[in-house]
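In: give me a model of this one.
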Amino acid sequence: MAMQGKKGWLLLGALLLAFILLPFFLFGAQIETWTRAFLESAASRPLLIAMVLGGLLATDILLPVPSSVVSTAAGLLLGFVGGMLTSLVGMIISCVAGFWLGARFGRPLADRMVGAGELCWLEEKGRRLGDWVVVVARPIPVLAEASVILAGMSRMRTHRFMMLTTLSNLGVSAVYAAIGALSATINSFLLAMAGSILVPWLAMIIYKRWESR
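Out: Next up is the predicted model:
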């Protein structure tokens with residue numbers, strides 16, 4: 001069963017990679033030209049870009065925002081430091097909102113927001129990992145949001161929650177901002193897109209493999 005699950009994730013990753021690469025094989029020159037022009041125009045209004053991208057990340061707990069794509073875009077448009085800080089602040093706000101929602105409204109709202117299955121799965125992992133479940137789940141889509149809501153439901157100590165999520169958010173933000181900044185340096189929109197999609201996929205694969213052991 002574990003092998004079937006691993007094959008499923010590998011197949012998903014291969015399909016995602018093909019989805020990313022195909023447009024670049026067909027329209028690579030046009031996309032790179034558009035990327036250079038977009039980067040040049042974005043450089044004139046960094047504050048606005050930071051507010052928009054940070055705002056998107058802040059609402060990630062309520063809306064289906066692709067946080068890996070947004071964080072990578074922050075590094076692409078604002079450079080490593082600016083992108084990392086923008087991503088970090090947005091993620092912290094999202095975590096605080098999720099923690100408050102979990103503490104205030106409890107399981108009924110959490111089940112509707114992230115799904116009963118994800119919460120039950122995380123609760124089982126929380127019994128083994130304790131508070132560190134919010135760190136382990138941070139790079140993994142859906143589970144990242146579910147873990148902070150679960151932390152609020154379980155009444156995790158606020159200062160410990162803030163310490164663990166801020167440090168993990170810093171690490172995640174740094175990785176995506178670095179990918180985005182490198183993409184800007186070499187004018188490669190392909191690298192930014194590939195990194196923003198494949199990094200969370202790899203995080204899930206690594207976690208699944210660690211869990212199976």
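In: CA atoms of stretch 66-75 as PDB?
Out: Output in PDB follows, covering the C-alpha atoms of stretch 66-75 (Å, rounded to 0.1, in the frame of the first residue of the first chain):
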ATOM      1  CA  PRO A  66      -0.900  28.800  -3.800                       C
ATOM      2  CA  SER A  67       1.500  30.000  -1.100                       C
ATOM      3  CA  SER A  68       4.500  28.400  -2.700                       C
ATOM      4  CA  VAL A  69       3.900  30.300  -5.900                       C
ATOM      5  CA  VAL A  70       3.300  33.600  -4.200                       C
ATOM      6  CA  SER A  71       6.400  33.200  -2.000                       C
ATOM      7  CA  THR A  72       8.500  32.400  -5.000                       C
ATOM      8  CA  ALA A  73       7.000  35.400  -6.800                       C
ATOM      9  CA  ALA A  74       8.000  37.600  -3.900                       C
ATOM     10  CA  GLY A  75      11.700  36.500  -4.300                       C
END
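In: and that stretch, which residues are buried?
Out: Applying a neighbour-count criterion of 16 or more other Cβ atoms under 10 Å, one finds 67-75 buried in stretch 66-75. (Each C-beta comes from the backbone N, C-alpha and C, glycine too.)
In: quick check: residue 174 touching residue 85?
Out: No: in this structure, residue 174 is not within contact of residue 85 by Cβ atoms under 8 Å, at 10.2 Å.
In: picking up where we left off before, can I get the buried residues of stretch 66-75 in a markdown table including distance to residue 143?
Out: Formatted as a markdown table, the buried residues of stretch 66-75 follow (distance: Cβ to Cβ, whole Å):
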| residue | distance to residue 143 |
| --- | --- |
| 67 | 12 |
| 68 | 13 |
| 69 | 17 |
| 70 | 18 |
| 71 | 16 |
| 72 | 19 |
| 73 | 22 |
| 74 | 22 |
| 75 | 23 |
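In: pull the contacting residues for residue 154.
Out: Contacts for residue 154 (Cβ atoms under 8 Å, 6 or more residues apart in numbering) come out as 102, 126.
In: contacting residues around residue 93?
Out: By Cβ under 8 Å, 6+ apart, the contact set of residue 93 is 54, 57-58.
In: and those, which is closest to residue 101?
Out: Distance ranking of the contacts of residue 93 against residue 101, using Cβ to Cβ, places residue 58 first at 13.3 Å.
In: tell me the contacts of that closest one?
Out: If you count contacts by Cβ under 8 Å, 6+ apart, residue 58 has them with 89-90, 93-94, 97.
In: swap in 6 Å and give it another go.
Out: When contacts are counted by Cβ atoms under 6 Å, 6 or more residues apart in numbering, residue 58 touches 90, 93-94.
In: distance check, it against residue 52.
Out: Distance of residue 58 to residue 52, computed by Cβ to Cβ, to the nearest Å: 11 Å.
In: all the helices of this structure, residue numbers only.
Out: Counting by DSSP state H, one finds helices in the chain at the ranges 2-42, 46-58, 67-114, 116-129, 133-136, 143-153, 158-185, 189-212.
In: any regions of the protein where pLDDT drops low?
Out: 1-43, 114-115, 186-198, 201, 204-213 (pLDDT under 70).
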